[in-house]
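J.: Give me a model of this one.
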Amino acid sequence: MKTDMKNTVLAVFLAFIVGFFIRFFIFDLMIVEGESMYPALKSGAVVLVVKTAYGLRLPGFNTYLFHWAQPQQGEIIVFWTPDKKAAVKRCAGLSDRRNFIALGDNSSISLDSRSYGPVPIDQIIGKVIMLNRNAANEKTDASDVSTVSPISTNWLFILGGWLCRGLTYPYASK
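T.: Predicted structure coming up:
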(Lines give C-alpha, C1' and ligand atoms only; values in the text may rest on other atoms or scores of the structure.)
Protein backbone atom coordinates (compact mmCIF):
# COMPACT_ATOMS: atom_id res chain seq x y z
CA MET A 1 0.00 0.00 0.00
CA LYS A 2 2.82 2.38 0.90
CA THR A 3 4.61 1.46 -2.35
CA ASP A 4 1.49 2.36 -4.37
CA MET A 5 1.37 5.81 -2.76
CA LYS A 6 5.08 6.32 -3.35
CA ASN A 7 4.66 5.31 -7.02
CA THR A 8 1.72 7.70 -7.41
CA VAL A 9 3.63 10.64 -5.95
CA LEU A 10 6.63 9.79 -8.13
CA ALA A 11 4.45 9.54 -11.25
CA VAL A 12 2.78 12.90 -10.57
CA PHE A 13 6.16 14.52 -9.97
CA LEU A 14 7.64 13.03 -13.15
CA ALA A 15 4.57 14.05 -15.18
CA PHE A 16 4.91 17.59 -13.90
CA ILE A 17 8.61 17.73 -14.79
CA VAL A 18 8.03 16.23 -18.26
CA GLY A 19 5.08 18.56 -18.89
CA PHE A 20 7.07 21.58 -17.73
CA PHE A 21 9.99 20.64 -19.98
CA ILE A 22 7.76 20.09 -23.03
CA ARG A 23 5.71 23.26 -22.48
CA PHE A 24 8.61 25.64 -21.91
CA PHE A 25 11.31 24.18 -24.17
CA ILE A 26 9.80 22.12 -27.02
CA PHE A 27 6.28 23.16 -28.04
CA ASP A 28 3.14 24.91 -26.88
CA LEU A 29 -0.50 25.17 -27.93
CA MET A 30 -1.78 28.70 -28.52
CA ILE A 31 -4.96 30.41 -29.68
CA VAL A 32 -4.82 33.11 -32.38
CA GLU A 33 -6.53 36.37 -31.44
CA GLY A 34 -7.13 38.84 -34.27
CA GLU A 35 -7.56 38.81 -38.05
CA SER A 36 -4.22 40.07 -39.37
CA MET A 37 -3.31 36.55 -40.55
CA TYR A 38 -6.68 35.91 -42.24
CA PRO A 39 -7.29 33.77 -44.33
CA ALA A 40 -4.36 31.55 -43.27
CA LEU A 41 -5.27 31.79 -39.58
CA LYS A 42 -8.64 32.91 -38.32
CA SER A 43 -9.21 34.41 -34.91
CA GLY A 44 -9.72 31.55 -32.45
CA ALA A 45 -7.57 29.08 -34.42
CA VAL A 46 -5.58 26.64 -32.31
CA VAL A 47 -1.95 26.35 -33.39
CA LEU A 48 1.00 24.28 -32.28
CA VAL A 49 4.12 26.39 -31.81
CA VAL A 50 7.35 24.41 -32.18
CA LYS A 51 9.80 26.26 -29.95
CA THR A 52 12.80 24.23 -31.10
CA ALA A 53 12.31 24.87 -34.84
CA TYR A 54 15.19 27.35 -35.05
CA GLY A 55 17.27 26.55 -32.00
CA LEU A 56 17.32 26.03 -28.26
CA ARG A 57 16.26 29.00 -26.16
CA LEU A 58 15.84 29.39 -22.44
CA PRO A 59 12.39 30.71 -21.49
CA GLY A 60 12.48 34.34 -20.37
CA PHE A 61 15.77 35.16 -22.09
CA ASN A 62 16.08 37.04 -25.37
CA THR A 63 18.83 34.90 -26.85
CA TYR A 64 19.19 31.39 -28.19
CA LEU A 65 21.73 29.05 -26.67
CA PHE A 66 22.11 27.29 -30.04
CA HIS A 67 20.81 28.11 -33.52
CA TRP A 68 20.35 25.30 -36.04
CA ALA A 69 18.03 26.99 -38.54
CA GLN A 70 16.66 30.36 -39.60
CA PRO A 71 13.10 31.19 -40.56
CA GLN A 72 12.42 30.73 -44.25
CA GLN A 73 10.32 33.02 -46.38
CA GLY A 74 6.64 32.05 -46.11
CA GLU A 75 6.84 30.33 -42.71
CA ILE A 76 4.38 31.45 -40.03
CA ILE A 77 6.14 32.28 -36.78
CA VAL A 78 5.34 33.53 -33.28
CA PHE A 79 7.61 36.24 -31.88
CA TRP A 80 7.81 39.03 -29.33
CA THR A 81 6.90 42.45 -30.74
CA PRO A 82 8.73 45.60 -29.60
CA ASP A 83 5.87 46.26 -27.13
CA LYS A 84 6.34 42.75 -25.62
CA LYS A 85 3.24 41.06 -27.08
CA ALA A 86 3.40 37.59 -28.60
CA ALA A 87 2.41 38.04 -32.26
CA VAL A 88 1.91 35.61 -35.13
CA LYS A 89 3.00 36.70 -38.63
CA ARG A 90 4.51 35.32 -41.81
CA CYS A 91 8.24 35.62 -42.41
CA ALA A 92 8.67 37.74 -45.56
CA GLY A 93 12.43 37.31 -45.58
CA LEU A 94 15.62 38.02 -43.70
CA SER A 95 16.80 41.65 -43.72
CA ASP A 96 20.31 40.75 -42.59
CA ARG A 97 21.94 37.99 -40.58
CA ARG A 98 20.05 38.57 -37.29
CA ASN A 99 16.70 40.18 -38.35
CA PHE A 100 13.61 39.11 -40.25
CA ILE A 101 10.67 40.92 -41.84
CA ALA A 102 7.27 39.96 -40.35
CA LEU A 103 4.13 40.61 -42.41
CA GLY A 104 0.49 39.78 -41.77
CA ASP A 105 -1.47 38.13 -44.59
CA ASN A 106 -4.31 40.64 -44.16
CA SER A 107 -2.11 43.67 -44.90
CA SER A 108 -4.91 46.25 -44.71
CA ILE A 109 -5.28 45.79 -40.93
CA SER A 110 -1.98 44.19 -39.89
CA LEU A 111 0.54 45.82 -37.57
CA ASP A 112 3.81 44.27 -38.63
CA SER A 113 7.34 45.14 -39.76
CA ARG A 114 5.94 47.95 -41.87
CA SER A 115 5.04 49.61 -38.56
CA TYR A 116 7.87 48.61 -36.22
CA GLY A 117 10.68 47.53 -38.56
CA PRO A 118 12.67 44.30 -38.77
CA VAL A 119 12.44 41.92 -35.81
CA PRO A 120 15.57 40.35 -34.28
CA ILE A 121 15.71 36.59 -34.78
CA ASP A 122 16.30 36.18 -31.03
CA GLN A 123 12.71 37.43 -30.47
CA ILE A 124 11.26 34.35 -32.20
CA ILE A 125 9.27 32.08 -29.88
CA GLY A 126 8.73 29.35 -32.48
CA LYS A 127 7.34 28.14 -35.79
CA VAL A 128 3.58 27.62 -36.18
CA ILE A 129 2.06 24.30 -37.19
CA MET A 130 -1.68 24.74 -37.71
CA LEU A 131 -4.09 22.46 -35.88
CA ASN A 132 -7.55 24.06 -36.20
CA ARG A 133 -7.83 26.60 -39.01
CA ASN A 134 -11.64 26.79 -39.06
CA ALA A 135 -12.27 28.83 -35.94
CA ALA A 136 -15.15 31.22 -35.48
CA ASN A 137 -14.72 34.65 -37.05
CA GLU A 138 -14.60 37.64 -34.77
CA LYS A 139 -14.92 41.37 -35.46
CA THR A 140 -11.74 42.77 -36.98
CA ASP A 141 -9.86 45.59 -35.35
CA ALA A 142 -8.26 48.51 -37.17
CA SER A 143 -4.97 47.92 -35.31
CA ASP A 144 -4.72 44.16 -35.50
CA VAL A 145 -1.59 42.48 -34.20
CA SER A 146 -2.93 38.89 -34.33
CA THR A 147 -1.63 37.94 -30.94
CA VAL A 148 -1.49 34.43 -29.56
CA SER A 149 -2.41 33.23 -26.09
CA PRO A 150 -1.24 30.04 -24.41
CA ILE A 151 -3.86 27.39 -23.86
CA SER A 152 -4.52 26.23 -20.32
CA THR A 153 -2.06 23.80 -18.80
CA ASN A 154 -4.81 21.31 -17.88
CA TRP A 155 -3.12 18.84 -20.21
CA LEU A 156 -0.33 18.56 -17.60
CA PHE A 157 -2.83 17.16 -15.10
CA ILE A 158 -4.26 14.80 -17.71
CA LEU A 159 -0.75 13.53 -18.47
CA GLY A 160 -0.07 13.13 -14.75
CA GLY A 161 -3.28 11.17 -14.26
CA TRP A 162 -2.44 8.95 -17.21
CA LEU A 163 1.03 8.23 -15.83
CA CYS A 164 -0.37 7.57 -12.34
CA ARG A 165 -2.84 5.02 -13.70
CA GLY A 166 -0.08 3.25 -15.58
CA LEU A 167 2.21 3.01 -12.57
CA THR A 168 -0.20 2.34 -9.72
CA TYR A 169 -2.74 -0.07 -11.23
CA PRO A 170 -1.22 -3.35 -12.32
CA TYR A 171 -2.71 -5.10 -15.33
CA ALA A 172 -3.03 -8.44 -13.52
CA SER A 173 -5.50 -8.75 -10.69
CA LYS A 174 -4.21 -9.45 -7.20
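J.: Count the neighbours of the closest residue to residue 116 other than its chain neighbours for me.
T.: Of all residues beyond its chain neighbours, the one nearest residue 116 is residue 82 (5.0 Å), with distances taken as CB to CB, 6 or more residues apart in numbering. All C-beta spots, glycine's among them, are computed from the backbone N, C-alpha and C. Neighbour count of residue 82, defined by other CB atoms under 10 Å: 11.
J.: partner strands of the helix or strand hosting residue 100, parallel or antiparallel?
T.: Assignment of secondary structure by DSSP states H and E places residue 100 within strand 99-103. Using DSSP bridges, the neighbouring strands of strand 99-103 in the sheet come out as strand 86-96 (antiparallel), strand 119-120 (antiparallel).
J.: so after it, what's the next helix or strand?
T.: helix 113-116.
J.: Which parts of this structure are strands?
T.: 27-33, 46-50, 55-57, 64-67, 76-80, 86-96, 99-103, 119-120, 124-132, 147-150 (DSSP state E).
J.: for the chain, longest helix please?
T.: With secondary structure taken from DSSP state H, the chain has its longest helix at helix 2-21.
J.: any idea of the pLDDT on the residue positioned nearest the centre of the chain?
T.: The chain has residue 49 as the residue nearest its centroid, 3.3 Å off, counting by CA atoms, centre = their mean. The per-residue pLDDT reported for residue 49 equals 92.
J.: Many thanks, we can stop here.
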